[in-house]
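Enquirer: Got a predicted structure plus its sequence, pasted below:
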Amino acid sequence: MQAIAIENPGPDYRLVLKEQAQPEPAAGEILIKVAGAGLNHADLLQGKGHYPPPPGASDILGMEVSGTVAALGKDVKDFAAGDAVCALIPGGGYAEYAVAAAAACLKVPASLALVDAAAFPEALFTVWTNLFDSARLRPSERVLVHGGSSGIGVNAIQMLAARGHEVFTTAGSDEKCKACVALGAKRAINYKTEDFVAVIEAETGGKGVDVILDMVGGDYVQRNMAAAAMWGRIVNIAYQKGPKAEINFIPMLRKRLSLMATTLRNRRVKEKEVIRDALLTEVWPLVAAGKIKPVVEARLALGDAQKAHAIMAASGHIGKIILVP
Ligand SMILES: NC(=O)c1ccc[n+]([C@@H]2O[C@H](COP(=O)([O-])OP(=O)(O)OC[C@H]3O[C@@H](n4cnc5c(N)ncnc54)[C@H](OP(=O)(O)O)[C@@H]3O)[C@@H](O)[C@H]2O)c1
């Protein structure tokens, strides 16, 4: 099969289309003929040599795909050849074929273009488990999502708005802020021209937000504490501004805050299955009903993976970038 290989991993990595061995599904796995492969920020890190796949996973880039079931491994019961699916995978997505644990697959509703279903798995699994499992988000609580125009952000805003939460978000341009409001954010804050702590204070009558989903880190760690409400929960999924900060922890004591952080990729299949099952009941019906839509900045041919990475690195995009084999 044709798949992307990383040449010269490091700051000047190159992505090239090459003939590579087609994977075979092991017990509990599905072979997917890929229709779309979603790009994730972590793919850029992997190209630079910083984010290796977990042991046993494909070293081909790509952590989410959509497509049709081409073959079934032993003991797979709930799927059949030809089914339209999308899947969270630990690697191997930038290819004509990929294997996925059946436990991390979702059937794609007929209302959704199969290629665009690749926009969902990584974001929905990540957003769900961080907001609901880690931060224990309760009905009608207020949420601040940093990076609202990211692949993660556009899905978080829609999921939260569809479930009745007041969502605030940050983004780096007025155009991105406008897009976030169109997706359901109550207020989008251009972090380059406004102070999110001051805006949250004004918008919430001084109460703050109950939960913060943060991918920025650095000085945001301290500022998040200032924007949080009493008993607030702050969950980090990345530290793009740096993993180190000098922190005054007194606001944590005073407001009884919780600070947490998680990654998804290295979790066991069983844990991913629990998240998948929650998505099936709580979120997938919203996708089928069109209340959570794929937000796709660009669909590029698989061979244009390098170009796709350049688009993401420049950060002009809103939503997801998808490769099409
Ligand atoms: N822990 C996990 O399990 C997990 C899973 C999935 C993703 N992630 C992380 O989540 C992040 C988003 O992933 P993605 O694939 O959706 O990437 P992406 O589309 O490239 O998004 C990155 C976003 O970060 C925003 N950003 C950068 N600096 C910011 C700042 N100072 N304030 C607010 N926003 C800022 C960018 O907005 P501007 O361009 O407007 O600055 C951009 O929207 C990445 O850091 C990724 O590593 C973590």
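Expert: Cool, the structure landed. Residues are numbered from 1 along each chain as shown.
Enquirer: so Ala261 touches Ile234, yeah?
Expert: No - judged on Cβ atoms under 8 Å, Ala261 makes no contact with Ile234 at a distance of 9.1 Å. In short, each C-beta sits where N, CA and C put it, glycine included.
Enquirer: Could you pull up phi and psi at Arg268?
Expert: phi -70, psi 150 (degrees, to the nearest 10).
Enquirer: per-residue confidence at it?
Expert: With respect to pLDDT, Arg268 scores 96.
Enquirer: what's the answer for the one 5 residues further on, then?
Expert: What the model reports as pLDDT for Glu273 is 98.
Enquirer: Tyr51 now?
Expert: For Tyr51, pLDDT reads 88.
Enquirer: From what I see, it and Leu45 are in contact.
Expert: Yes - Tyr51 is within contact range of Leu45, at 3.9 Å (criterion: Cβ under 8 Å).
Enquirer: of these two, who's got more company?
Expert: A count of neighbours by other Cβ atoms under 10 Å puts Tyr51 above the other of Tyr51 and Leu45, at 16 against 13.
Enquirer: If you count surrounding residues, which of Ala261 and Ile234 has more?
Expert: Ile234 (23 against 15).
Enquirer: I'd assumed the more buried one was in a helix, is it?
Expert: No - under the criterion used here (DSSP: H, G, I helix; E, B strand; the rest coil), Ile234 is strand, not part of a helix.
Enquirer: Okay, and the beta partners of it?
Expert: Ile212, Leu259 (DSSP bridges).
Enquirer: That one against Val216, yeah?
Expert: No - using Cβ under 8 Å, Ile234 is not in contact with Val216; the gap is 11.4 Å.
Enquirer: what's the burial count for the residue in the stretch 1-150 of the chain that the ligand sits nearest to?
Expert: Nearest to the ligand, among the residues of the stretch 1-150 of the chain, is Ser150, at 2.9 Å (Cβ to the nearest ligand atom). Per other Cβ under 10 Å, the neighbour tally for Ser150 reads 26.
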